[in-house]
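Visitor: Kindly return the folded structure for what I paste below:
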Amino acid sequence: MYKRQEHDRVLLVDPTYKPGWEFPGGVVEQGEAPARAGMREVAEEIGIELDAVPRLLVVDWEPPKPPGFGGMRFLFDGGRLTSADARRLLLPGSELRGWRFVTEAEAATMLPPVRLNRLRWALRARERGCALNLEAGVPVG
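Guide: The predicted model follows:
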């Protein structure tokens, strides 16, 4: 899940528990809907409460690649943050070192290829107004 600032930048976070930058969000708990999980995780990680269930942009099946297990990845449109909203971003726990609003070009220097592809397709899905189905970062169907 990501949020955009007034200048069409994407919010990325720097987790303490793994290398590299990531989208705000996290793991879906048992019995939890993916969009609701995203809403919960964003509130826990950066202190932003979403008023409505966000719109799905991308669902991506990520194949298992040790040490990871693969699985389904969802990116939702978290909406647009104003500068005032951005000043309220918090890092309430020990999970995150920091956060940054970045352009797509800046994200290319910060995200691993699979996440960068997912971001690029999510941005295109947002422009087109329709969700995209990806397998290993490639649109299908």
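
Visitor: From residue 124, how far out is the residue lying closest to residue 138 once chain neighbours are set aside?
Guide: Residue nearest to residue 138 in three dimensions, not counting chain neighbours: residue 117, with 7.7 Å by CB to CB, 6 or more residues apart in numbering. Using the backbone N, CA and C atoms, a C-beta is placed for each residue, glycine as well. Residue 117 sits 11 Å away from residue 124, going by CB to CB, to the nearest Å.

Visitor: Which one's more surrounded, these two?
Guide: residue 117 (18 against 14; other CB atoms under 10 Å).

Visitor: if I've got this straight, that one is in a strand?
Guide: No. Applying DSSP: H, G, I helix; E, B strand; the rest coil, one finds residue 117 to be helix, outside a strand.

Visitor: helices or strands next to the strand or helix carrying residue 127 in the packing?
Guide: Assigned by DSSP states H and E, residue 127 belongs to helix 113-128. Helices and strands touching helix 113-128, by 3 or more CB pairs under 8 Å, 6 or more residues apart in numbering; DSSP states H and E, are strand 55-62, strand 71-81, helix 104-110, strand 132-135.

Visitor: Compare the ones you listed and say which comes out lowest on pLDDT.
Guide: Here those differ in mean pLDDT, and the lowest is strand 71-81 at a mean of 91.

Visitor: And it, what does it pack against?
Guide: Packed against strand 71-81 by the contact rule (3+ CB pairs under 8 Å, 6+ apart) you find strand 2-5, helix 34-46, strand 55-62, helix 113-128.

Visitor: Now the element after the helix or strand of the chain with the lowest mean pLDDT, going C-ward?
Guide: When each helix and strand of the chain is scored by mean pLDDT, DSSP states H and E, strand 2-5 comes last, with a mean of 56. As assigned by DSSP H and E, the chain's next helix or strand after strand 2-5 is strand 10-15.

Visitor: helices or strands up against that following strand?
Guide: Strand 10-15 packs on strand 2-5, helix 34-46, strand 96-102, helix 104-110, going by 3+ CB pairs under 8 Å, 6+ apart.

Visitor: which one of these has the most crowded surroundings?
Guide: strand 2-5 (a mean of 21; mean count of other CB atoms under 10 Å).

Visitor: I am finished for the moment; much appreciated.
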